[in-house]
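Q: with the sequence up front, the predicted model follows.
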Amino acid sequence: MSKAQPEKKKGRKGKAVCALLLATSVFALLRPALPYAQETELRGEVSESAILDDQRRKTRQLSIASSQDQATTGATAQGDEPAPTYQPASPGAIPDDTGTATATGSIFDPPAATDDPFADNPAPVPPRRSASARQRAADEDKAQDEAADNKKTRKTPVDSTTTATTDDTDTTEPDQDTNRRAVTIDSADRLPLDPGAERAEAIEGQDRKAEDDPFAATGIRLGSFVIRPTLEQGLTATSNADSSADGKSALLSETALRFNAVSDWAENSAVIDGYGIFRNTISGDKVNDAQGRIEGQLNVDLDNELRAIAKLGYEAVPESASSPVVIEGTTSQPVRQTIDGSLAVEKDAGKMRFALTGAVEHDIYGDAKLSNGTVLSQKDRDSTLYTATLRTGYEISPAITPFTEVEVGRRLYDQRVDSSGFERSSTRLGARAGVELDMGEKLAGEFSAGWLREAIDDDRLSAISGATVNADLKWSPERGTIIGLTGQTIVEGTTTAGESGDILYSGRLTGERQIRANLTGNAALGADWRDYIGSDGHDLTLSAEAGLTWWLNRYAGLTTRVRTEKQTSNLEGRDYTANSIFLGVKVQR
């Protein structure tokens, strides 16, 4: 074989290799384009749907992320309050054919697809999603379906300013906020609270009204009554133990018990008052006496503007050494007992006021024990007084009611003729005019003046007659201060031969002041004038008293008082002076 043939074979072989390489290169170049063309040809019209699906997924991811951030921020601001629930933007909010931006779009989303291949920003070809991406998309679709089902079940109210669509057409205004907070399920239930439904303060925490008198007695409930007892125990040092012309000094133990009971009835009312004082000598002049009084009042409202007032009382006191009936040589003063009662019926007719009162008073005098060991009976002094009083008044104003009174009565002695042979029973006539005041706590009470006459059955004895003055007023010039004025006119009989008796005018001015909440002061001025009938004899008794009570607490306190009393008379052996001071402890309930 010649040398030219091998070279020729090599040339053909090299060309074949080059052709093969060229074909392989062309095949390699053409191979990647074929699957894309085939995929495009096979997918055809669905490529645009794939792009829209990708855009919807990105929109949902941004909406969910924004909702989570807002929920986290709201939970942090509201503390323990439940975080609000947000609705994601509708997946159907997509661009329309004109390329207008949707309300749920984002500036980071890729531009919308267009049919112009020469546009400045052609739509990118969506990449093939991996298995994990497909799984995430499936999970998101499932979550969206569950949220839609829950929304239908809960019937979440839809905000009228936000419109969400489920199709491919967007009807939302383009200027709405893409991350606008959706209406929550419980937002409709969060209504403003009614001011009256706010939580009330605990009873223990409420402010209590300040008491007018924080040291006043609280009282003890017994049935339908509230009883307020007071016990006072102390020592009295006096210069005149029995208030007589020849009285001596003494140190006395003094015990005083007082009580007040008031009913707690829905209708009508009842009041019971009482006191008892016991004195015993510790040193000095011999004194051993006791005195006391109890009285009750019942008020009953009847029909036809009628009111009934019933009173009943009992008193037992030793007769004073300054009594107009003097018994010489007694070891102790005899006890005088008084039982009194009255029944009044009141009627209002327009501004007219009418009242009719019947009263009975019975006096019993105890026997006097003489120093020689004998006993002197005083039964001839026992008597009963029956009276009837008619009052007529006219109400000028609710605070002022002038009135007039007419009184008739009969005094009967248990013994028609006394030990001296005189018939001392008498007939009583009286007339008064006055005014009744009712200004509440400021001023209340009444005042009257008139004339009274008792004609004795025995012609040898002069009638007892004279002017009368009666008063019972309470005045409070300021809170914590009470001024009282009482006055009465009393006809006193006697068994002294040839004497008719006397008229006693008694007046007392009292004052009480609450200096501090736990410190109370009181003072009193008294004056008694006794005018003897059938002679020019008279007695004048003046007294003054002042005291303080310092309360340690609501139930106990220290009390003290000083008193002076002086009597002057134009009759022999009746002048005396008595000074005393008391210091003790007061207990109340």
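A: Perfect, thanks for sending it.

Q: only C-alpha atoms for contact and neighbour calcs from this point on.
A: OK.

Q: what about stretch 560-579, average pLDDT?
A: Model confidence over stretch 560-579 averages 92 on the pLDDT scale.

Q: all helices for the protein, in order.
A: The residue ranges that make up the helices of the chain, judged by DSSP state H, are 4-30, 33-43, 47-78, 131-154.

Q: which of those has the lowest average pLDDT?
A: Among these, helix 33-43 carries the lowest mean pLDDT, a mean of 44.

Q: I'd like the distance between Ala524 and Ile490.
A: From Ala524 over to Ile490 the distance is 21 Å, taken as Cα to Cα, to the nearest Å.

Q: what's the answer for Glu407, then?
A: 14 Å.

Q: which parts of stretch 485-503 are buried?
A: Taking 16 or more other Cα atoms under 10 Å as the neighbour-count basis, stretch 485-503 is seen to contain the buried residues 485-495, 499-503.

Q: and these, which of them are in strands?
A: Residues of these located in strands (DSSP state E): 485-493, 501-503.

Q: these two touch, right, Ser476 and Glu441?
A: Yes. Judged on Cα atoms under 8 Å, Ser476 makes contact with Glu441 at a distance of 6.6 Å.

Q: flag the shaky bits of this structure, pLDDT-wise.
A: Within the chain, the stretches falling below the threshold (pLDDT under 70) are 1-19, 21-137, 148-212.

Q: if we go to 80?
A: 1-213, 321-322, 326-332, 371, 373 (pLDDT under 80).

Q: okay, now the nearest residue to Trp451 once chain neighbours are set aside: neighbour count?
A: Distances taken as Cα to Cα, 6 or more residues apart in numbering place Ala467 nearest to Trp451, at 4.4 Å, with adjacent residues excluded. Ala467 is surrounded by 15 other residues when neighbours are defined as other Cα atoms under 10 Å.

Q: any idea how far Val469 is from Arg460?
A: On the measure of Cα to Cα, Arg460 and Val469 end up 28 Å apart.

Q: between those two, which one's more packed in?
A: Under the criterion of other Cα under 10 Å, the comparison of Arg460 against Val469 puts Val469 first, with 22 against 12.

Q: what's near enough to touch the more buried one?
A: The neighbourhood of Val469, defined by Cα atoms under 8 Å, 6 or more residues apart in numbering, consists of 447-450, 487-489, 505.

Q: so where do the strands sit in the stretch 151-300 of the chain?
A: When assigned using DSSP state E, counting those that start in this stretch, the strands of the stretch 151-300 of the chain occupy the ranges 220-222, 225-238, 250-263, 269-284, 288-301.

Q: the second one vs strand 269-284, what angle?
A: It refers to strand 225-238. Put simply, strand 225-238 runs at 20 degrees to strand 269-284, going by axes from the mean of the first three to the mean of the last three Cα atoms, to 10 degrees.

Q: please enumerate residues in contact with strand 225-238?
A: Outside strand 225-238, the residues that touch it by Cα under 8 Å, 6+ apart are 217-221, 249-264, 578-589.

Q: emit the ChimeraX select command for whichever of those are buried.
A: Applying 16+ other Cα under 10 Å to the contacts of strand 225-238, the buried members can be selected in ChimeraX as follows:
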select :217,219,249,250,251,252,253,254,255,256,257,258,259,260,261,262,263,578,579,580,581,582,583,584,585,586,587,588,589
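
Q: count the residues that sit near Pro214.
A: Other residues near Pro214 number 12, with proximity taken as other Cα under 10 Å.

Q: for the closest residue to it other than its chain neighbours, give me its contacts.
A: Among residues not flanking Pro214 along the chain, Ala517 sits closest, at 6.8 Å (Cα to Cα, 6+ apart). By Cα under 8 Å, 6+ apart, the residues touching Ala517 are 213-215.

Q: ok, Gly393 next?
A: If a contact means Cα under 8 Å, 6+ apart, then Gly393 has 352-354, 401-404 as its contacts.

Q: mind putting these in JSON lines, neighbour count and distance to Gln291 included?
A: Supplementary listing: these in JSON lines, determined by neighbours: other Cα atoms under 10 Å; distance: Cα to Cα, whole Å:
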{"residue": "Met352", "neighbour count": "14", "distance to Gln291": "42"}
{"residue": "Arg353", "neighbour count": "17", "distance to Gln291": "38"}
{"residue": "Phe354", "neighbour count": "17", "distance to Gln291": "37"}
{"residue": "Thr401", "neighbour count": "20", "distance to Gln291": "37"}
{"residue": "Pro402", "neighbour count": "19", "distance to Gln291": "37"}
{"residue": "Phe403", "neighbour count": "21", "distance to Gln291": "36"}
{"residue": "Thr404", "neighbour count": "17", "distance to Gln291": "35"}
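
Q: now, which of those residues lie within strands?
A: Of these, the ones assigned to strands by DSSP E are 352-354, 401-404.

Q: make TSV from the residues you listed and add distance to Val226 to it.
A: Supplementary listing: those in TSV, determined by distance: Cα to Cα, whole Å:
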residue	distance to Val226
Met352	35
Arg353	32
Phe354	32
Thr401	32
Pro402	35
Phe403	34
Thr404	36
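
Q: between those residues, which sits nearest Ser420?
A: Nearest to Ser420, judged by Cα to Cα, of the ones in strands among the contacts of Gly393 is Thr404 at 39.2 Å.

Q: export the strands of the stretch 151-300 of the chain to CSV and tack on distance to Ser419?
A: Formatted as CSV, the entries for those read as follows, by distance: least, Cα to Cα, whole Å:
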stretch, distance to Ser419
strand 220-222, 49
strand 225-238, 37
strand 250-263, 36
strand 269-284, 33
strand 288-301, 28
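
Q: tell me which of the ones you listed lies nearest to Arg563.
A: Among those, strand 225-238 sits nearest to Arg563 (Cα to Cα), with 9.2 Å.

Q: quick one: the closest one to strand 250-263, angle?
A: Using the same axes, to 10 degrees, the interaxial angle of strand 225-238 with respect to strand 250-263 works out to 170 degrees.
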